[in-house]
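**Q** Quick one, fold the following:
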Amino acid sequence: MSSKGEKKKIKALNAPKSVHIHRKENTWTVKTKAGAHKKEASVALGIALRNFTDLARNLKEAKMIMLNGDVKVNGRVRKDHQFGVGIFDVISLPKQKAFYRVLVDAKGRIILKEMKKDSEEKLCRVEKKIVTSKGLQITTDDGITIIGTDAKVGDTLKVKFPENKVSEVIPMEVGANIYITKGVHCSEQGKVAEIISGTAKRERLVKVEEKGKEYATTAKNVYVVGKGNVALDELK
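**A** Residues are numbered from 1 along each chain as shown. As a prediction, the model looks like this:
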C-alpha cells in the first residue's frame, strides 16, 4: 500500500545540523515543514518550545500550548508544531510573558535568546531584486516580497510585522555591524572592514574586523545588524 499524506517525522540522525537535539536518545524527531526558511536553516516550532524553553516538558505539552493559540511567530498565531522558525524570527507567548529571538550558536544550530519584552520587528537580508511593472521588487531570505523599497542585494531590512512594512534599510557597507550565521566564526559579531567584489569563479567576500583581528568570509554568511553602536538588543 502506498503512503498517504506528508511525513511528519524524520530519523533523528538525519535531522538537519541546525536542529539542536540529542540524536541518539530517540530514533525519530519532528520533521520541519517547508516554509519561509530552508529546512537546513530552521527548526520545527514544537522542538523549539520543548527543547529550548522551560514551557513544555514534552511534545504533547508543546502541541497543547500551540493549539490554545498562545504562540505567535512574527506576530501571527501558529498552531502547527512542524512550522519552521529561522534566524531573527520572534516567538512570542504573551500569556506566559515569554518572548524569544531566534539566533544561532557557534556550531550553526538554532537557539532561542530570551527577550525582556515583545518585539514587532525582525531583520531580513535582501537576496534578490527585479524590476516589475509595479516597480522594484525585493525578495528577502525568509521569502518576504516587498515592492517599492530601494535596497541592494546583501543589505538588511528592518521589517515591522505582521504587515511586513520596511522601517529601515541597513546597507552592507564599511563600518556596519555584522552577525555571522555560518562558518568557523558562526555566531560572532564584528564590523565590516572591506567588501571584496566577487568574480565569475569567486563569491563576494566580506573582510571582518573583530577585537583587533581580521578575517574574511563569504557575504552570504553575514547579516548586517546595525550601524555605529546600534544593533539588536539580543546581540549586545
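
**Q** ok, for Lys134, nearest residue in space, not its chain neighbours?
**A** Nearest residue to Lys134, sequence neighbours excluded (CB to CB, 6 or more residues apart in numbering): Ile147, at 5.2 Å. Glycine gets a C-beta too; all of them are placed from N, C-alpha and C.

**Q** Which neighbours in the sheet does whichever strand or helix holds Lys113 have, and how are they oriented?
**A** Following DSSP states H and E, one finds Lys113 within strand 110-115. With DSSP bridges as the test, strand 110-115 is paired with strand 98-104 (antiparallel).

**Q** can you count the residues close to Ile180?
**A** Neighbourhood size, Ile180 [other CB atoms under 10 Å]: 22.

**Q** that older thread, if I look at the residue nearest to Lys134, how far off is Val166?
**A** Distance, Ile147 to Val166, using CB to CB, to the nearest Å: 10 Å.

**Q** Of the two, which one has the most company?
**A** For Ile147 versus Val166, the count of surrounding residues by other CB under 10 Å is larger for Val166: 17 against 10.

**Q** So that one, which state does it fall into?
**A** strand (DSSP: H, G, I helix; E, B strand; the rest coil).

**Q** wait, doesn't it sit right on Lys158?
**A** Yes. With contact defined as CB atoms under 8 Å, Val166 reaches Lys158; the gap is 7.1 Å.

**Q** which residues are in contact with both of those two?
**A** With contacts defined as CB atoms under 8 Å, 6 or more residues apart in numbering, no residue is adjacent to both Val166 and Lys158.

**Q** ok so, going back, tell me the average confidence for the helix or strand just after the strand holding Lys113?
**A** Next in sequence after strand 110-115, counting helices and strands by DSSP H and E, comes strand 121-132. Mean pLDDT, strand 121-132: 91.

**Q** Specify the angle between strand 121-132 and strand 98-104 in degrees.
**A** With axes from the mean of the first three to the mean of the last three CA atoms, to 10 degrees as the basis, strand 121-132 and strand 98-104 are set at 60 degrees to each other.

**Q** helices or strands next to the following helix or strand past strand 121-132 in the packing?
**A** As assigned by DSSP H and E, the chain's next helix or strand after strand 121-132 is strand 135-140. In terms of contacts (3 or more CB pairs under 8 Å, 6 or more residues apart in numbering; DSSP states H and E), strand 135-140 is packed against strand 121-132, strand 145-147, strand 156-160.

**Q** Can you lay out the ones you listed as JSON lines showing distance to Val102?
**A** Formatted as JSON lines, the helices and strands packed on strand 135-140 follow (distance: least, CB to CB, whole Å):
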{"stretch": "strand 121-132", "distance to Val102": "9"}
{"stretch": "strand 145-147", "distance to Val102": "21"}
{"stretch": "strand 156-160", "distance to Val102": "14"}
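
**Q** Endpoint to endpoint, stretch 29-39 covers what distance?
**A** Length of stretch 29-39, first residue to last, CA to CA, to the nearest Å: 14 Å.

**Q** Could you pull out the buried residues of it?
**A** For stretch 29-39, the neighbour count (16 or more other CB atoms under 10 Å) marks Thr29, Val30, Lys31, Thr32, Lys33, Gly35, Ala36, His37, Lys38, Lys39 as buried.

**Q** Around Lys151, how many other residues sit close by?
**A** Slight slip there: residue 151 is Ala, not Lys. 20.

**Q** Would you agree it is in contact with Lys129?
**A** Yes. Contact criterion CB under 8 Å: Ala151 and Lys129 qualify, at 7.3 Å.

**Q** overlap in contacts of those two?
**A** Common neighbours of Ala151 and Lys129 (CB under 8 Å, 6+ apart) are Ile138.
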